[in-house]
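**Q** Below: sequence and its predicted model.
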Amino acid sequence: MPAAADSHGVTKVVDNISRLSPDLLAETCLHILTYLRGHTRGVDSAEVSDKVQRAGVRLDHEAVQNIVRFLLLTFRSAGKSSLSGDDLVSKLEEGSNKWPKASLQVLHRLWSEHGASVHAQQEVQAMLSISQLVDVQWKLGMAVSSDTCRSLNSPYVTLLLKIIEPSGQISQRSFEMTIPQFQNFHKQFKEMAAVMETV
């Protein structure tokens, strides 16, 4: 179904999906649909991979990532097109004739149950497509060499921000600040928090 995937790539992913039991496929799909309905912050393919390994299915992490990516693209595309469960199954069968009947039944059932809420969430996200800050970590260090510090052995703060992009992928950004810059940053954050409490 995803246009970006070539037919050999789709066939390989479908072959790997067919190695999942209907229950394991349903659990994987629910993990993805829960994210697409806005109830979780992202899809952790490492967690999905661990569940697949614990179930005794021999798929490497990259193969599981490809399954997750394929299902994400499939459900997103179905949500944008407002497809019914029958339409979704038809599109999947057009993309590959290797689909096991049990897998298609799982996808049909779950999409029929959750497709409308995925579509509604996509409409909301389209209006609010901005990144979200989910974690801030910081550490204090001493400068050995720097463009902004006048002398060596000056303290600095490194900030690491975890951000969820509108696509759902989690990315990290880091930057360094001098102590006065960090104090100003902290002051501005406190001011923002105070304003948000009054809203």
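**A** Good, I have the coordinates.

**Q** Figure out the helix or strand that the residue lying closest to L104 once chain neighbours are set aside lives in.
**A** Computed as CB to CB, 6 or more residues apart in numbering, the closest residue to L104 that is not its neighbour in sequence is V89, at 5.1 Å. For glycine as for every other residue, the C-beta is placed from the backbone atoms N, C-alpha and C. Secondary structure assignment for V89, by DSSP states H and E: helix 85-95.

**Q** Are we agreed that R173 is in a strand?
**A** Yes. Following the definition DSSP: H, G, I helix; E, B strand; the rest coil, R173 is counted among the residues of a strand.

**Q** check contacts around the closest residue to G168 other than its chain neighbours.
**A** The shortest distance from G168 to any residue other than its chain neighbours is 5.6 Å, reached at G42 (CB to CB, 6+ apart). Shown in contact with G42 (CB atoms under 8 Å, 6 or more residues apart in numbering): Y35, I164, G168, Q169, I170.

**Q** just to confirm, which helix or strand has G42 in it?
**A** If you go by DSSP H and E, G42 is not part of any helix or strand.

**Q** Repeat that for the one 4 residues further on.
**A** In this structure, A46 is located in helix 45-54 according to DSSP H and E.

**Q** any idea of the mean pLDDT for that helix?
**A** If you average the pLDDT over helix 45-54, you get 89.

**Q** Can you show me the strands along the protein?
**A** Counting by DSSP state E, one finds strands in the chain at the ranges 132-142, 155-164, 170-178.

**Q** Export those strands to CSV and append columns for mean neighbour count, mean pLDDT and distance to S84.
**A** Formatted as CSV, the strands of the chain follow (neighbours: other CB atoms under 10 Å; pLDDT from 0 to 100; distance: least, CB to CB, whole Å):
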stretch, mean neighbour count, mean pLDDT, distance to S84
strand 132-142, 11, 84, 31
strand 155-164, 15, 85, 29
strand 170-178, 13, 84, 32
